[in-house]
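Chemist: need coordinates for the following:
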Amino acid sequence: MKEHISFKEFYPEICGIEQKVSTVEQYIRAVDHAFRTLTEHEDVKYNQKLWFRGLKNSDYSLLPSIARNASNVEYELMYLSKFKAKSLLFLDNQNINLKNEGIESYWNWLFLMHYHRAPTRLLEWTEDALVALVFAIDKDNSDDEAEKDAAVWCLNPVILNTAFTFHEYYPAGYIPNVYEKGVYEMFGPFKNSFKNEKPAAVYGPMNNISMIVQRVAYTVFPYTVPLTDMRYLPDRRKYLYKIVVDKEAKENIADQLKRYGITKTHLIPKLSSLAEEIVDE
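Modeler: I've put the predicted structure just below:
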């Protein structure tokens with residue numbers, strides 16, 4: 001049977017920066033359209049790309065955890081100080097530099113705290129469109145999430161970063177490693193005269209197998225109170241595109257991905273994920 005293609009899917013440019021899908025095939029076409037939409041108008045010096053963020057509820061914000069539940073971005077240093085003081089007993093197996101002061105140590109601590117789900121200014125993305133889809137339709141969700149459409153946000157990190165100059169000798173649009181001095185000066189632990197409401201796209205430390213498999217990348221938000229949801233940035237149409245996943249299609253899409261060998265166990269290689277997959281079988 002020929003797959004039905006809706007008018008909205010076939011002509012998404014008429015419908016703005018949002019598109020709804022109900023199969024993996026439709027999703028792949030939507031990603032292709034997002035790439036064309038987000039890369040065709042800008043003249044930048046770098047090869048353009050997309051990052052992806054899967055959300056179990058399409059209404060969820062594009063804000064880091066520190067800005068949710070009435071938290072304040074200025075609490076981050078307090079959280080970090082307490083995390084450092086109370087985590088020493090658990091650090092024997094950490095293969096990153098946490099002992100010395102300085103730029104590298106600061107970011108390593110912040111990313112470690114983020115990995116263990118303490119509130120930070122970091123928002124995770126992936127460079128893999130199918131990874132984002134797996135997390136968007138994950139059945140490990142709340143009742144409210146199960147009843148809502150899911151979503152995958154597409155981000156052009158190169159265009160986002162044209163707002164910043166991390167190095168005077170690099171053209172706008174450069175995506176830095178978080179250890180670079182320019183990132184620390186603009187987005188480090190202290191307020192400065194740099195006025196900005198946008199986050200920057202950065203690469204962080206890849207210190208465990210899950211991060212590598214999931215191809216994790218980040219946006220780091222500034223010390224601005226309140227933080228601005230990326231969905232409401234004035235120029236968002238230049239670098240953001242939303243793909244909505246029909247709530248009625250989540251299970252079928254999960255079955256499709258499983259046939260292709262793409263499962264949560266593959267992306268989160270730990271025993272709890274393996275146990276969940278065995279039960280599903």
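Chemist: residues near K195, how many?
Modeler: Using other C-beta atoms under 10 Å, K195 is surrounded by 7 other residues. All C-beta atoms are positioned from the backbone trio N, CA, C, and that covers glycine.
Chemist: can you check S210 too?
Modeler: If we define neighbours as other C-beta under 10 Å, then S210 has 14 of them.
Chemist: figure out the helix or strand that it lives in.
Modeler: S210 belongs to helix 209-214 when elements are defined using DSSP states H and E.
Chemist: could I have that helix exported to PDB, CA atoms only?
Modeler: Presented in PDB, the C-alpha positions along helix 209-214 are these (Å, rounded to 0.1, in the frame of the first residue of the first chain):
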ATOM      1  CA  ILE A 209      30.500   5.600  26.200                       C
ATOM      2  CA  SER A 210      26.900   6.800  26.200                       C
ATOM      3  CA  MET A 211      27.900  10.300  25.200                       C
ATOM      4  CA  ILE A 212      29.900   9.000  22.300                       C
ATOM      5  CA  VAL A 213      27.200   6.600  21.100                       C
ATOM      6  CA  GLN A 214      24.600   9.300  21.300                       C
END
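Chemist: name the single longest helix found in this structure.
Modeler: Ranked by residue count under DSSP state H, the longest helix found in the chain is helix 24-39.
Chemist: what residues sit buried inside that helix?
Modeler: By 16 or more other C-beta atoms under 10 Å, the buried positions in helix 24-39 come out as 24, 26-27, 29-31, 33-35, 37-39.
Chemist: same question for the helix or strand following the helix holding S210, mean pLDDT?
Modeler: Using DSSP H and E, the helix or strand that follows helix 209-214 towards the C-terminus is strand 216-220. Strand 216-220 carries an average pLDDT of 97.
Chemist: which elements pack onto strand 216-220?
Modeler: Applying 3 or more C-beta pairs under 8 Å, 6 or more residues apart in numbering; DSSP states H and E, we find strand 216-220 packed against strand 122-126, helix 157-160, strand 200-202.
Chemist: how much space separates the closest residue to I212 other than its chain neighbours from V213?
Modeler: Leaving aside its sequence neighbours, I212 sits nearest to M206 (C-beta to C-beta, 6 or more residues apart in numbering; 5.4 Å). Going from M206 to V213 by C-beta to C-beta, to the nearest Å gives 10 Å.
Chemist: what's the answer for D149, then?
Modeler: Counting by C-beta to C-beta, the gap from D149 to V213 is 27 Å.
Chemist: who has more neighbours, those two?
Modeler: Taking neighbours as other C-beta under 10 Å, D149 and V213 compare with D149 leading, 20 against 15.
Chemist: now that one. Nearest residue, chain neighbours left out?
Modeler: Setting aside the residues directly before and after it, D149 is nearest to S58 in space (C-beta to C-beta, 6+ apart), at 4.4 Å.
Chemist: can you pull the contacts of that neighbour?
Modeler: Shown in contact with S58 (C-beta atoms under 8 Å, 6 or more residues apart in numbering): 148-151, 242, 244-245.
Chemist: go through the residues you listed and flag which are in strands.
Modeler: 150-151, 242, 244-245 (DSSP state E).
Chemist: with distance to I268 added, can I get those residues in JSON lines?
Modeler: Below are the ones in strands among the contacts of S58 laid out as JSON lines (distance: C-beta to C-beta, whole Å):
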{"residue": "A150", "distance to I268": "18"}
{"residue": "A151", "distance to I268": "20"}
{"residue": "K242", "distance to I268": "25"}
{"residue": "V244", "distance to I268": "24"}
{"residue": "V245", "distance to I268": "20"}
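Chemist: highest neighbour count among these?
Modeler: Each of these was scored by neighbours using other C-beta under 10 Å; the highest score is A150's, at 28 neighbours.
Chemist: can I get the helices and strands packed on strand 216-220 in TSV with mean pLDDT?
Modeler: Formatted as TSV, these follow (pLDDT from 0 to 100):
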stretch	mean pLDDT
strand 122-126	98
helix 157-160	96
strand 200-202	97
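Chemist: possible to save the ones you listed as JSON lines with mean neighbour count and distance to N141?
Modeler: Output for the helices and strands packed on strand 216-220, formatted as JSON lines (neighbours: other C-beta atoms under 10 Å; distance: least, C-beta to C-beta, whole Å):
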{"stretch": "strand 122-126", "mean neighbour count": "23", "distance to N141": "17"}
{"stretch": "helix 157-160", "mean neighbour count": "24", "distance to N141": "27"}
{"stretch": "strand 200-202", "mean neighbour count": "24", "distance to N141": "27"}
